[in-house]
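J.: need a structure here:
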Amino acid sequence: MNQINPFLIEQEKRYSLPVKIWTEYVEDSAKEQIENLSKLPFAFHHIAIMPDVHMGYGMPIGGVLATDGVVVPNAVGVDIGCGMCAVETSLTDIDLDLLKEIMGEIRKAVPVGFTHHTIEQDQSLMPKINEYLEMPIVRREYKSALKQIGTLGGGNHFIEIQRGSDSHVWIMIHSGSRNIGKQVADYYNKKAVSLNAEWMSPVPREWQLSFLPLDNSIGTEYMAEMNYCVEFALANRKLMMDVICGIFYKFTGCDFKPAINIAHNYATLENHFGRNVLVHRKGATLAREGIVGIIPGSMGSKSYIVRGLGNPNSFMSCSHGAGRKMSRTAAQKELSLENEIDILNKQGIVHGIRNIKDLDEATGAYKSIDEVMKNQSDLVDVLVELTPMGVIKG
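T.: Model prediction:
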């Protein structure tokens, strides 16, 4: 295990709890959010901040928060269960023309952006709803979700064909729980805000960190709906991967290894430092010792298959990607369309950047994945490096 020290800033007076950060640079807006996290009365032991950190709603993306007895909806986020899926194929190379043809078929078969399936998919593809659990939002959104399962979504979600350092072609997907996850997140955050005001919570409303007690029916309800959305997001990625593997098989007859599938927006009960606590990972990935995970880069940089080292200082977590270094608006204003296209073209990457609005997901909008991986060498070991060959963005 490579030993490096996180950038400990627990001595700063602004923090009520110790804070452990795996990067030298944190934007001021994210620093303020980290300070708020450290002052939460129910936060446990310390706050862990991954090297891809940037501002989010209430809690920064790339944050890990352990709590005692409560759940914070905004510490999970709006895209509940968002995560990664990767499959190694038996292919050792792929012709550029064939790659373009396969990507064309994927675009026809997998709806992206706000597009859904026109008809409901088979219910057997959906996670089962536990009839004994109260899940009002999942039940309300179930019919709509039948048309959303197996769809990519927008923003930073992607399908990528990659060349691995193991000499194999890989398929990677980044996607989440679509609208059902957002509806659950919004509903329970509003409930939390209202109840915290009623209880005269010591957590200021402007922090956007309203909470729900786990021993209260509303907290139990959120956990049930959140867990369903995590399962739906996994089922969503699985269906897309099955479709894409089917297209690859049709064109190449290749074989596939079992999928690696891991989430990075959720909360789960775990034992750390001798206490059972609820660990919130918002844009952070489980890196328990031996577990295999996925850390994607940006559109024009490498991604990584990794093995967790189980570092207790990070609550056994690692980054979920490279992390943004500029907002979507700033990227569209400040980045050069010509330069960003040139970065991808020089690497021979088949991509979809065509106009200024596409710059919000360009390579230049993200931090250096090389630096991010260097900063977390005590959290994960790299198993395979993956270089992009073709990218489909949501």
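
J.: who are the packing partners of the longest strand along the chain?
T.: Determined from DSSP state E, the single longest strand within the chain is strand 380-393. Packed against strand 380-393 by the contact rule (3 or more C-beta pairs under 8 Å, 6 or more residues apart in numbering; DSSP states H and E) you find helix 96-109, strand 158-164, strand 169-175, strand 292-295, strand 303-308. The C-beta positions use only the backbone N, C-alpha and C, and glycine is treated the same way.

J.: which residues does Gly181 contact?
T.: Neighbour list for Gly181: 78-82, 229, 232-233 [criterion: C-beta atoms under 8 Å, 6 or more residues apart in numbering].

J.: actually Asn179, not the one I wrote
T.: With contact taken as C-beta under 8 Å, 6+ apart, Asn179 is in contact with 141, 144-145, 148.

J.: most neighbours among those residues, which one is it?
T.: Counting neighbours by other C-beta atoms under 10 Å, Ala145 leads the contacts of Asn179 with 25 neighbours.

J.: hmm, Ile294 is touching Glu160, no?
T.: No. The pair Ile294 / Glu160 is not scored as a contact, 11.0 Å apart, by C-beta atoms under 8 Å.

J.: Tyr15 touches Ser38, doesn't it?
T.: Yes. Applying C-beta under 8 Å, one finds Tyr15 in contact with Ser38, separated by 4.2 Å.

J.: higher neighbour count, the two?
T.: More neighbours surround Ser38 than the other of Tyr15 and Ser38, with 20 against 17 (other C-beta under 10 Å).

J.: any idea how far that one is from Val372?
T.: Relative to Val372, Ser38 is positioned 23 Å away (C-beta to C-beta, to the nearest Å).

J.: pLDDT on the longest helix along the chain, on average?
T.: Longest helix in the chain by number of residues (criterion: DSSP state H): helix 217-252. Averaged across helix 217-252, pLDDT comes to 98.

J.: repeat for stretch 16-29
T.: Mean predicted lDDT for stretch 16-29 stands at 92.

J.: that older thread, the longest helix of the chain to strand 380-393, inter-axis angle?
T.: Computed by axes from the mean of the first three to the mean of the last three C-alpha atoms, to 10 degrees, the angle separating helix 217-252 from strand 380-393 equals 70 degrees.

J.: helix 96-109 and helix 217-252, what's the angle between them?
T.: If you take the same axes, to 10 degrees, helix 217-252 sits at 140 degrees to helix 96-109.

J.: check which helices and strands the next helix-or-strand element following helix 217-252 sits against.
T.: For helix 217-252, the following helix or strand on the C-terminal side (DSSP states H and E) is strand 260-263. Contacts defined by 3+ C-beta pairs under 8 Å, 6+ apart place strand 260-263 against strand 83-88, helix 217-252, strand 284-286, strand 292-295.

J.: with mean neighbour count added, can I get the helices and strands packed on strand 380-393 in JSON lines?
T.: Output for the helices and strands packed on strand 380-393, formatted as JSON lines (neighbours: other C-beta atoms under 10 Å):
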{"stretch": "helix 96-109", "mean neighbour count": "14"}
{"stretch": "strand 158-164", "mean neighbour count": "22"}
{"stretch": "strand 169-175", "mean neighbour count": "25"}
{"stretch": "strand 292-295", "mean neighbour count": "24"}
{"stretch": "strand 303-308", "mean neighbour count": "23"}
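
J.: reformat the ones you listed as a markdown table; add mean pLDDT.
T.: Listed next are the helices and strands packed on strand 380-393 as a markdown table, based on pLDDT from 0 to 100:
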| stretch | mean pLDDT |
| --- | --- |
| helix 96-109 | 97 |
| strand 158-164 | 98 |
| strand 169-175 | 98 |
| strand 292-295 | 98 |
| strand 303-308 | 98 |
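
J.: buried ones in the longest helix of the chain?
T.: For helix 217-252, burial by neighbour count (16 or more other C-beta atoms under 10 Å) applies to 218-241, 244-245, 247-248, 252.

J.: for stretch 29-36, same thing?
T.: Residues 30-31, 33-36 are the ones in stretch 29-36 that count as buried (16+ other C-beta under 10 Å).

J.: what about it, distance to the chain center?
T.: Offset of stretch 29-36 from its chain centre (C-alpha atoms, centre = their mean, to the nearest Å): 20 Å.

J.: re earlier: could you tell me which of the contacts of Asn179 belong to helices?
T.: Counted as lying in helices by DSSP H, out of those, are 141, 144-145, 148.

J.: what's the weakest-modelled helix or strand in this structure?
T.: None of the helices or strands of the chain scores lower by mean pLDDT, DSSP states H and E than strand 7-8, at a mean of 58.

J.: that strand: what's the following helix or strand?
T.: Next element after strand 7-8 (DSSP H and E): strand 19-21.

J.: tell me what that following strand is packed against?
T.: Using 3+ C-beta pairs under 8 Å, 6+ apart, the elements in contact with strand 19-21 are strand 7-8, helix 28-38, strand 43-54.

J.: and Ala259, how many neighbours?
T.: Residues within reach of Ala259, counting by other C-beta under 10 Å, total 17.

J.: what is in contact with Ile294 and Glu160 at once?
T.: Listed as contacting both Ile294 and Glu160 by C-beta under 8 Å, 6+ apart are 172, 303.

J.: could you find the closest non-adjacent residue to Gly352?
T.: Of all residues not flanking Gly352 in the chain, Lys393 sits nearest, at 5.6 Å (C-beta to C-beta, 6 or more residues apart in numbering).

J.: burial measure for the one you found, as a count.
T.: A count of nearby residues for Lys393, using other C-beta under 10 Å, gives 22.

J.: that one touches Arg107, doesn't it?
T.: No. In this structure, Lys393 is not within contact of Arg107 by C-beta under 8 Å, at 10.7 Å.

J.: distance of Leu99 relative to His157?
T.: 20 Å.

J.: which residues touch the nearest residue to Gly153 once chain neighbours are set aside?
T.: Take Gly153 and drop its neighbours on the chain: the residue closest to it by C-beta to C-beta, 6+ apart is Gly394, 5.0 Å away. Contact analysis of Gly394 by C-beta under 8 Å, 6+ apart lists 112-113, 152-158, 175.
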